[in-house]
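1. next come a sequence and a model predicted from it.
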Amino acid sequence: MNYELLYGKNYDEKFQTARRSALIEKFTKAEGAPPAYLYSSSGRAEILGNHTDHQHGKVVVSAISCDILAAVSPTAKRQVKICSEGYRDIVVNLSDLTVKEQEYGTSTALTRGVLADITKRYGEIKGGFTAHITSNVFKGAGVSSSAAFELLVAEITNDLYFNGSISAVEKAAISQFSENVYFNKPCGILDQMGISLGGLTNLDFAIPEQPVIKSLKAPEGYAFVITNTGGDHAHLTSHYADIKAEMKQICKYFNKSVLREVEERAFYAEMPKLIQQFPARAILRAKHIFDENAVVDRAVTALNSGNVQAFLQCVADSGESSLTQLQNNFVPGEKVQPIPLALKLSQKYLGSHGAVRVHGGGFAGTVLAVVETDKAEGYMAYMKTLFGEENCFLAKVREKGACRIV
């Protein structure tokens, strides 16, 4: 394996070698024999397309250089066991893959859901596996540790029992199903697609099961920096769900299922009636999604033509729209507003040397900055003084999707 495909150029080889060695040693000590294989599944960065995927919209997403590593051996027993230090072992019997409400919100639910959908789509899984995992995909940092975990389980099962025949798009759909139905979170598919595909990618979800996929080149001379501003996502599911619910109400007015099916011209033509019938926030959120799809198109054109300044303007426009129209930068009514603070301080610090936006689901969590490479260290040092040494990190583009590495 060329590890630059996972961790980017000039990665910390000593650190990554030590991670793998420690994981193998841990597995061997616990299981009495070394693992058969090692697997890796990454985090992701949402570059553009905030909350558009569940409305069949457009996004730019990147797999990034943090990952979950798994040491794995197949077993004849039809059981999956996943062990992680500091957590209770996950054990799922393949003879019982039904939804269990008491597992909502747990990694056990994610595991069971992935295995259930693979079984439904492709038939019985002929055996199980034991895995020990270690992760530097920051939980609560908006880089989608849950999707990284789902894709890890999907790829291990795919590789061990289906000869690698399940495509990246199918693995993403399986993982989304698990999170929606078994974990009980109404997420879109952006996270799963970004991790499954690898690289920097433009996705058009007009037909979600058959997204239009275009590979992109990251802007030269710029780095992605992610800052975790703090906040717990555990109590925020209702706020994420509100966005989707409000879009459903708007779409119902037009007799459509998702906003992508609504003509933007018709949306504005009906504005007097919409204002009478719906809260202003729902209308603004719909406008954000129309605007965000257009921003993605402009950004792709800018990247393909090498116009970095135009791309940075798209990132800035996306951030402003999320703040003022989508309104997912803080929990309504909360005085604690670290994301807007991080955005405005970042804008002041970076000036014309970069752009910043909310990253991922929002309401709490992270911001993403696109920063001139020679300014990245200074910017990171500044953000660390504000939000903590451990809460700011460089996110390199990872070219390879979830995969077996050894």
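-> Great, that's in hand.

2. all helices of the stretch 1-150 of the chain, in order?
-> Along the stretch 1-150 of the chain, counting by DSSP state H, counting those that start in this stretch, helices occupy 4-7, 13-31, 107-122, 145-161.

3. so what touches the second one?
-> Looking back up the chat, that one is helix 13-31. Here helix 13-31 makes contact (C-beta atoms under 8 Å, 6 or more residues apart in numbering) with 3, 7, 34-35, 38, 69-71, 73, 83, 85, 130, 132-134, 136, 406. Placement of C-beta: from N, CA and C, glycine included.

4. give me the buried subset of those.
-> By neighbour count, with 16 or more other C-beta atoms under 10 Å, these hold 7, 35, 38, 69-71, 73, 83, 130, 132-134 as buried.

5. in a markdown table: those residues, plus pLDDT.
-> Putting those into a markdown table (pLDDT from 0 to 100) gives the following:
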| residue | pLDDT |
| --- | --- |
| Y7 | 95 |
| P35 | 98 |
| L38 | 98 |
| L69 | 98 |
| A70 | 98 |
| A71 | 98 |
| S73 | 98 |
| C83 | 98 |
| T130 | 98 |
| H132 | 98 |
| I133 | 98 |
| T134 | 97 |
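
6. can you pick out the most distant pair from the residues you listed?
-> Y7 and T130 (25.9 Å; C-beta to C-beta).

7. picking that back up, need the winner for burial among the helices of the stretch 1-150 of the chain.
-> Among these, the stretch with the highest mean neighbour count (mean count of other C-beta atoms under 10 Å) is helix 145-161, at a mean of 26.

8. ok so, going back, any chance of the helices of the stretch 1-150 of the chain in TSV, with distance to V331 too?
-> As requested, the helices of the stretch 1-150 of the chain are exported to TSV (distance: least, C-beta to C-beta, whole Å):
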stretch	distance to V331
helix 4-7	35
helix 13-31	35
helix 107-122	25
helix 145-161	20
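
9. which residues in the protein form strands?
-> Under the criterion DSSP state E, the chain carries strands at the ranges 37-48, 58-75, 79-84, 90-93, 128-135, 200-204, 212-216, 222-228, 354-359, 366-372, 392-394, 403-404.

10. could you dump the ones you listed into a markdown table with distance to L312 added?
-> Converted to a markdown table, these look like this (distance: least, C-beta to C-beta, whole Å):
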| stretch | distance to L312 |
| --- | --- |
| strand 37-48 | 11 |
| strand 58-75 | 13 |
| strand 79-84 | 38 |
| strand 90-93 | 42 |
| strand 128-135 | 31 |
| strand 200-204 | 15 |
| strand 212-216 | 15 |
| strand 222-228 | 8 |
| strand 354-359 | 4 |
| strand 366-372 | 6 |
| strand 392-394 | 18 |
| strand 403-404 | 32 |
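
11. closest to R298 out of the ones you listed?
-> Short answer: strand 37-48, nearest of the strands of the chain by C-beta to C-beta, at 9.4 Å.

12. ok so, going back, looking at the helices of the stretch 1-150 of the chain, which is closest to S42?
-> helix 145-161 (6.1 Å).

13. shaky segments in this structure?
-> Along the chain, segments meeting pLDDT under 70 span 139-142, 231-234.
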